[in-house]
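K.L.:
Pasting a predicted model and its sequence here:
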Amino acid sequence: MSTISTLRVGAVGAVLALVLGAAAQTASARTGAPPQQPRAHSAVQAVEEETARAVAASLGDSAWRDGLRAAARGGAEVDLSALTAHASADAGRKLAAPVAEGNSRILAAKGLDAATGPLLRLRLGDASMRPALDAGAVPWVAAAPASDRATTLTAYDSRGRAHTLDATQVPRQPVYLVDIDVSRALAGGAEILRRTLGGTPAAAGPAVSAAANGWWGTKIDAIEVSDDEEPWFKGGAEMYALVTGFGLDGKVRVDPVDMPYLDYDGTVYRPNQILVNWSNYKYNLADVVLMEEDGSTNYQALAKAIAAVLLTITDQGAYIPLVNAVLDAIPTEWWTDDPDYVDSWYTLARTSSGRLDGARGNGWMNVSPYWVSAF
């Protein structure tokens with residue numbers, strides 16, 4: 001799970017913010033009460049903290065500690081559910097039940113189906129910690145902070161003692177970080193969005209409508225997002241786009257498009273990915289909002305919020321930009337913490353080609369029209 005420092009504008013979760021924009025703002029308008037605070041973020045963080053303490057306590061078992069070190073070798077992200085379920089060491093087996101229960105709580109907080117699979121994972125905080133770990137140092141365990149602007153984080157040792165770490169400096173002490181598999185969460189979330197909004201299958205890119213000979217698409221030839229340095233406790237980003245426009249039935253259509261390759265800032269990626277399938281749209285114009293999954297996203301809430309905010313917009317016989325409808329749904333108070341919104345592109349046309357800078361100036365895409373033949 002990674003946040004993109006420069007790109008992110010400050011919402012604890014645009015997903016949850018959309019819910020508040022669609023529902024809480026309506027409620028407060030009726031009652032005069034302030035919007036309720038979201039719960040998914042704190043619920044996910046609570047599970048990660050509990051898991052970090054439990055894993056730290058288990059590391060007093062040398063056999064289990066050695067097995068965990070081997071599993072996390074080479075920077076691998078360890079699926080805690082799978083590892084504990086098949087552990088041979090007692091300490092690992094005892095973790096299986098609390099890890100399973102924690103996964104269930106996270107799925108519920110994020111509005112995801114059980115079919116999404118377990119989300120809790122463990123990884124080494126930084127590659128520079130590997131020599132000390134291999135030399136036999138007993139690692140500490142911390143929950144990865146949700147904010148990339150965190151100044152400290154709390155790590156636990158095998159005796160249950162808490163240690164405050166500087167979030168801006170890589171510690172000499174090896175530290176395992178507990179967070180969630182945002183790539184898996186994003187795949188499950190995209191499926192929730194597709195089912196609710198009639199958009200894109202999670203693994204298939206923009207949904208494909210039947211056409212006699214094929215269809216025109218817009219292909220991403222290259223893309224880059226901007227950033228300054230990431231804190232040591234962050235890994236690669238997980239990004240996705242919400243492509244919005246009017247469908248053939250005249251109703252607003254929302255297609256989530258996963259971008260699993262878009263991991264790091266300041267890197268030009270050349271995915272040759274289809275972003276828009278124009279055969280699904282009434283007009284030859286669409287909008288794109290680039291988002292980052294931050295770990296606390298509630299996809300059921302996001303889908304309901306999008307439906308409440310966007311799908312009530314009616315076709316007036318001409319294209320209406322929809323980016324502002326998404327961004328306006330985010331209440332002001334949510335632009336003061338960790339954001340999910342990265343950048344946006346207005347009125348992407350079927351004929352668009354070349355470099356397109358994002359409206360916020362935080363990213364750019366090189367695109368080109370692309371004919372997808374039916375044969």
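P.N.:
Done, it's in.
K.L.:
which secondary structure element contains Trp215?
P.N.:
Using DSSP states H and E, Trp215 maps to strand 214-225.
K.L.:
Likewise for Tyr176?
P.N.:
Secondary structure (DSSP H and E) places Tyr176 in strand 175-180.
K.L.:
repeat for Ala63
P.N.:
Secondary structure (DSSP H and E) places Ala63 in helix 62-71.
K.L.:
Against which helices or strands is that helix packed?
P.N.:
helix 80-85, helix 90-109 (3 or more Cβ pairs under 8 Å, 6 or more residues apart in numbering; DSSP states H and E). Where you see a C-beta, it was placed from the backbone N, CA and C, and this is true even at glycine.
K.L.:
Could you check how far Asn362 is from Asn298?
P.N.:
In this view, Asn362 and Asn298 are 24 Å apart by Cβ to Cβ, to the nearest Å.
K.L.:
one step back: tell me the buried residues in the strand holding Trp215?
P.N.:
Buried residues in strand 214-225, counted by 16 or more other Cβ atoms under 10 Å: Trp215, Trp216, Gly217, Thr218, Lys219, Ile220, Asp221, Ile223, Glu224, Val225.
K.L.:
Tell me if Ala54 really is in a helix.
P.N.:
Yes - applying DSSP: H, G, I helix; E, B strand; the rest coil, one finds Ala54 inside a helix.
K.L.:
mind listing what the closest residue to Leu348 other than its chain neighbours touches?
P.N.:
Nearest non-adjacent residue to Leu348, counting by Cβ to Cβ, 6 or more residues apart in numbering: Ala286, 5.3 Å away. Applying Cβ atoms under 8 Å, 6 or more residues apart in numbering, we find Ala286 in contact with Val243, Thr244, Gly245, Val276, Thr347, Leu348.
K.L.:
now Thr151
P.N.:
Contacts for Thr151 (Cβ under 8 Å, 6+ apart) come out as Asp166, Ala167, Thr168.
K.L.:
partners of the first one in the sheet?
P.N.:
I take that to be Asp166. Counting by DSSP bridges, Asp166 is bridged to Thr152.
K.L.:
Quick check: it vs Ala307, distance?
P.N.:
Note on Asp166: its distance to Ala307, by Cβ to Cβ, is 43 Å.
K.L.:
higher neighbour count, these two?
P.N.:
A direct count of neighbours by other Cβ atoms under 10 Å for Asp166 and Ala307 places Ala307 higher, at 16 against 12.
K.L.:
Off-centre distance for the one helix or strand that one maps to?
P.N.:
Element membership of Ala307, judged by DSSP H and E, is helix 299-309. Relative to the centre of its chain, helix 299-309 is centred 16 Å away, using Cα atoms, centre = their mean, to the nearest Å.
K.L.:
same thing with stretch 47-54?
P.N.:
Centre to centre, stretch against its chain (Cα atoms, centre = their mean), the figure for stretch 47-54 is 20 Å.
K.L.:
residues making contact with it?
P.N.:
Residues outside stretch 47-54 that contact it (Cβ under 8 Å, 6+ apart) are 80, 95, 98-99, 102, 105-106, 109, 120, 141-144, 154-156, 160, 178-180.
K.L.:
List buried members of those residues by neighbour count.
P.N.:
Here, 16+ other Cβ under 10 Å leaves 80, 95, 98-99, 102, 106, 109, 120, 141-144, 155-156, 178-180 buried among the contacts of stretch 47-54.
K.L.:
where's the residue nearest to Leu348 relative to Asn298, distance?
P.N.:
Ala286 is 25 Å from Asn298, by Cβ to Cβ.
K.L.:
which residues of the protein score low on pLDDT?
P.N.:
1-41, 148, 197-212, 227-231, 235-236, 294-296, 311, 326-339 (pLDDT under 70).
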